[in-house]
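*Asks:* What follows is a predicted structure for the sequence shown.
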Amino acid sequence: MPALAPIVEEIAEMLRNAPLPALLTQKKRSAARPQNNGIVKEHKPQSVIAPRYCKRCGEVVSKGRRVFCSDNCRTLYQQWELAERKNEIAANEAQAIAVPDDTPIVVSERIVTLEEYQTEIAPRLADVRVATLCRATGLSRAYCKQIKRGRVPHLRHWTVLRAQVTERNDGTPQGEDMF
């Protein structure tokens, strides 16, 4: 049953042929505010709320539920999503090859291990300028300084570092450190 107050106010206005203050519903309360200059603000119509649909099957979801229409749909969706993630992880693992520290790496037609890096390449890096290392590897100046002090960089940089060390040993002038 609809509220009676709006109907009573509407009938009273029709009988009087003039606007009346809406004492029952307070519809014209905004007109009394000074900033509105006696003009009643129009009420915005209620926005239409689109129904929610199940993330898995597409059925309309009841008001109490948020994403899935039933527990069964949620369970099936989670199983499907888990299978998808496992497939993605397997694909990524197939592409990415993890190399442990002791695995030999082919560098410049030679196999270089961590031990060889530490005994042959690292000691000779002390003679290479930081700026040269930065340009060659693309690493930051601070990181290249750490490499010169003994930090072992990722093995993808070993080829470049070996090239810098052999360049230095071949007699190519390196200049003084600018930093």
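*Replies:* Everything's here; your move.
*Asks:* next one: phi and psi at Tyr53?
*Replies:* Torsion angles at Tyr53 (phi, psi; degrees, to the nearest 10) stand at phi -120, psi 150.
*Asks:* Where does pLDDT dip in the chain?
*Replies:* Across the chain, the ranges flagged by pLDDT under 70 are 1-2, 18-32, 38, 94-112, 168-179.
*Asks:* for it, which helix is longest?
*Replies:* helix 71-95 (DSSP state H).
*Asks:* residues near Cys134, how many?
*Replies:* Other residues near Cys134 number 17, with proximity taken as other Cβ atoms under 10 Å. Quick note: C-beta positions are derived from backbone N, CA and C, even for glycine.
*Asks:* unless I'm mixing things up, it is touching Ile147, no?
*Replies:* No - at 10.2 Å, Cys134 and Ile147 do not qualify as touching, with contact defined as Cβ atoms under 8 Å.
*Asks:* just to revisit the earlier point, please compute how far the longest helix of the chain lies from its chain's middle.
*Replies:* 20 Å (Cα atoms, centre = their mean, to the nearest Å).
*Asks:* Identify each buried residue in it, please.
*Replies:* Under the neighbour-count criterion of 16 or more other Cβ atoms under 10 Å, helix 71-95 has Cys73, Arg74, Tyr77 buried.
*Asks:* The last one and Cys69 touch, don't they?
*Replies:* So the one you mean is Tyr77. No - assessed by Cβ under 8 Å, Tyr77 is found out of contact with Cys69, at 10.6 Å.
*Asks:* tell me the domain boundaries of this structure?
*Replies:* 5-30, 52-96, 105-169 (automatic domain parsing).
*Asks:* Would you tell me which of those gets closest to Pro45?
*Replies:* Closest approach to Pro45 among these (Cβ to Cβ): domain 5-30, 14.7 Å.
*Asks:* who touches Val67 in this structure?
*Replies:* Contact analysis of Val67 by Cβ atoms under 8 Å, 6 or more residues apart in numbering lists Arg52, Cys54, Lys55, Val61, Arg74.
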